[in-house]
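Novice: Let me see the structure of the following:
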Amino acid sequence: MAEHVLELEKIGKTFAGVTVLRNINLTLEKGEVHALLGENGAGKSTLIKILSGYYMPDRGGTIRVNGTPVVFSNPKDAMDASIHTIYQELTLCPLMSVAENIVLDKQHSFPGFIQKTRGFHDMSVKALEKLGQNDINPNAIVKDLSIAQRQVVEIAKAITANAQIVLMDEPTSSISQSDADKLMNIIRGLRDDGVTIIYISHRLHEIDGIADRITILRDGNLVGTVNKTDVTERDLISMMVGRELTNMYPKTEVPIGEPALRVEDLASEGAFRGVSFEVRKGEIFGIGGLVGAKRTEVLETIFGLRPITTGRILLKGKAFTPKNPLNAIRNGISFVTEDRKKSGLVLCLPVFENINLVNARKKARFGWLDWRQLMRIAENQKKALNIRLNRIEQTAGTLSGGNQQKVALAKWLEFAPDVLLFDEPTRGIDIGAKTEIYSIMGALAAKGTAIIMVSSELPELLSVADRIMVLREGEMQGIVGREEATQEMIMSLAALEHTETISGQQERTQV
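Specialist: Numbering: from 1, shown residues only. Got it, this is the predicted structure:
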């Protein structure tokens, strides 16, 4: 009989009269990887925060660890119960060393100073060796590590704290596929050692490769818990969204118009060089490559965030040098950034103000804002993009990831851009919201908007983009059309040490 390490009974949570979790019953077994799935807003993060001690459940709910009822009034209570959480936004101390971070919870605090535990260096070395990560220097400063390496440090920290249950929230959202594969091997090793993992991800292929059982939440309710072997990917999607999605990657076929933007031999010192391509009205032009390929840097240069070292940009056939983002905006270029929380939205402001961030100057009369007009604009965008919220005045930070992404996009739509730069359009959002974003992109293309899309998800690039340019370490490796592009071709171009022609289908320059 399986050993239950964690049991949840009738767990609920209500905020300001709004119920976000209802009577959740869940049992976790020792040494299993248990996937937690659901659309943004389904209640996954709230459940994780309850298990982490950040929230207390409503009365009537019970949590048992190894059969013993527990009450978590703060995160330390959860850690004392051997529950460790690795959040999407990592919680390491960036200016401390790897070793100091790994043993931070084991150090003894006294008034005025921290006494380092003896042998903390050796403890960190053993934890990293256990994970097969001998290449990480315990003396390295955390801020100098890659995101993937920081995640390893978080896991080593959990091992050192003797965690029995590790909660992982979207651990692969910001790392490359090769690093994700390494992380999967680490998770399998933890499972073999008897550690129980709760794994949250929107990437169903990861769930298929790592999970033993899967629990699905929808609108705060428990839909069910299933064995991975008993369900298909389509079954999981249907359980998450409450309906069957016949097309996960809707592609609107529209006529491609005249050139909207062209870059010729573009370079920005320290980032990329020799990049040439053209995007036309109604076209979705994809940019692919591995982490470190400098895809985002190309968009930043077009938007005036980075200087042009050599080369030139042509906008509607005329030479254009973006002096700064405001200059780019005034010339019809918009930029939906990769990190909506840090650079796409002002999370503490109401949704209607976020939607009007770009518009406000245009809508002002004699220096005065017409707030009624701004509210009407926000309501119109809410309806057009199907933004789900309680009221237009609520703060952007209270929305789910998918709805935050729609708000980040909505602020540009009233502006009606000619060229839309879209960096990782569906990162960290659920499948249902992804299909809506693709449909919105298709509608924009149908209106003649030229879209340049950076994406790390190959199925997304191959299904949504009309053509794909691949970068590798700041160098253009080729451009392929949607009809001939394959995952193998894109990955080969992204990973090869030298540019090679694959089946004669690679273009070295835009035609």
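Novice: residues in contact with stretch 230-242?
Specialist: Counting contacts by CB atoms under 8 Å, 6 or more residues apart in numbering, the residues outside stretch 230-242 that touch it are 37-39, 42, 204-205, 207-208, 214, 216, 218, 223-224, 226, 244-245, 248, 430-432. Just so you know, the C-beta spots here come from the backbone N, C-alpha and C atoms, and that holds for glycine as well.
Novice: which residues of the stretch 151-300 of the chain score low on pLDDT?
Specialist: 174, 243-247 (pLDDT under 70).
Novice: Going along the chain, name the helices of it.
Specialist: Under the criterion DSSP state H, counting those that start in this stretch, helices of the stretch 151-300 of the chain are mapped to 177-192, 204-210, 233-241, 295-302.
Novice: residues near residue 81, how many?
Specialist: By other CB atoms under 10 Å, the residues close to residue 81 number 21.
Novice: so it sits right up against residue 69, yeah?
Specialist: No - contact criterion CB atoms under 8 Å: residue 81 and residue 69 do not qualify, at 10.9 Å.
Novice: And for the residue nearest to residue 54 when sequence neighbours are not counted, the neighbour number?
Specialist: Spatial nearest neighbour of residue 54, excluding adjacent residues (CB to CB, 6 or more residues apart in numbering): residue 75 at 6.2 Å. For residue 75, the count of nearby residues is 16 (other CB under 10 Å).
Novice: hang on, the earlier thing: so which of the helices of the stretch 151-300 of the chain is the most packed in?
Specialist: helix 295-302 (a mean of 23; mean count of other CB atoms under 10 Å).
Novice: how close does the residue nearest to residue 359 when sequence neighbours are not counted sit to residue 385?
Specialist: With sequence-adjacent residues excluded and distances taken as CB to CB, 6+ apart, residue 359 is closest to residue 414, at 5.0 Å. From residue 414 across to residue 385, the span is 11 Å (CB to CB, to the nearest Å).
Novice: Looking only at neighbour counts, state which of these two leads.
Specialist: The residue with more neighbours, out of residue 414 and residue 385, is residue 385; 21 against 18, by other CB under 10 Å.
Novice: still on that earlier bit, surely the residue nearest to residue 359 is in contact with residue 379?
Specialist: No - using CB under 8 Å, residue 414 makes no contact with residue 379, being 11.7 Å away.
Novice: Show me the contacts of stretch 230-242 that map onto strands.
Specialist: Among these, the members found in strands (DSSP state E) are 37, 214, 216, 218, 223, 224, 226.
Novice: Now which of the residues you listed would you call buried?
Specialist: The neighbour count (16 or more other CB atoms under 10 Å) marks 37, 214, 216, 218, 223, 226 as buried among the ones in strands among the contacts of stretch 230-242.
Novice: can you list those residues in CSV and add distance to residue 255?
Specialist: CSV is the format used below for those (distance: CB to CB, whole Å):
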residue, distance to residue 255
37, 38
214, 42
216, 40
218, 39
223, 42
226, 44
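Novice: ok, the residue nearest to residue 54 - contacts?
Specialist: When contacts are counted by CB under 8 Å, 6+ apart, residue 75 touches 52, 53, 54, 85.
Novice: go on, residue 56?
Specialist: Residue 56 sits in contact with 50, 71, 72, 73, where contact means CB under 8 Å, 6+ apart.
Novice: thought the second one was touching residue 77?
Specialist: It refers to residue 71. Yes - assessed by CB under 8 Å, residue 71 is found in contact with residue 77 at 7.3 Å.
Novice: Among these two, which residue is more densely surrounded?
Specialist: Shown here are residue 71 and residue 77; by other CB under 10 Å, residue 77 has more neighbours (15 against 11).
Novice: Pull the CA coordinates from the helix or strand encompassing the more buried one and hand them back as CSV.
Specialist: Secondary structure assignment for residue 77, by DSSP states H and E: helix 75-80. Only the C-alpha atoms of helix 75-80 are listed here, as CSV (Å, rounded to 0.1, in the frame of the first residue of the first chain):
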residue,chain,number,x,y,z
PRO,A,75,6.4,29.7,5.6
LYS,A,76,8.8,28.5,8.3
ASP,A,77,6.1,26.2,9.6
ALA,A,78,5.9,24.6,6.2
MET,A,79,9.7,24.2,6.0
ASP,A,80,9.7,22.7,9.5
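Novice: Remind me what the next helix or strand along the chain from that helix packs against, helices and strands.
Specialist: As assigned by DSSP H and E, the chain's next helix or strand after helix 75-80 is strand 83-86. Under the contact criterion of 3 or more CB pairs under 8 Å, 6 or more residues apart in numbering; DSSP states H and E, strand 83-86 touches helix 44-52, helix 147-160, strand 165-169.
Novice: now do 10 Å
Specialist: Under the contact criterion of 3 or more CB pairs under 10 Å, 6 or more residues apart in numbering; DSSP states H and E, strand 83-86 touches helix 44-52, helix 75-80, helix 147-160, strand 165-169, strand 196-200.
Novice: looking at those, which is closest to residue 494?
Specialist: helix 147-160 (16.6 Å; CB to CB).
Novice: any idea how the chain splits into domains?
Specialist: 4-241, 247-332+417-511, 351-416 (automatic domain parsing).
Novice: Who wins on neighbours among the contacts of residue 75?
Specialist: Going by other CB under 10 Å, residue 85 tops the contacts of residue 75 with 23 neighbours.
Novice: which residues does that one contact?
Specialist: The contact partners of residue 85, taken as CB atoms under 10 Å, 6 or more residues apart in numbering, are 48-49, 51-54, 75, 78-79, 91, 154, 158, 163, 165-169, 198.
Novice: Thanks again, I'm all set now.
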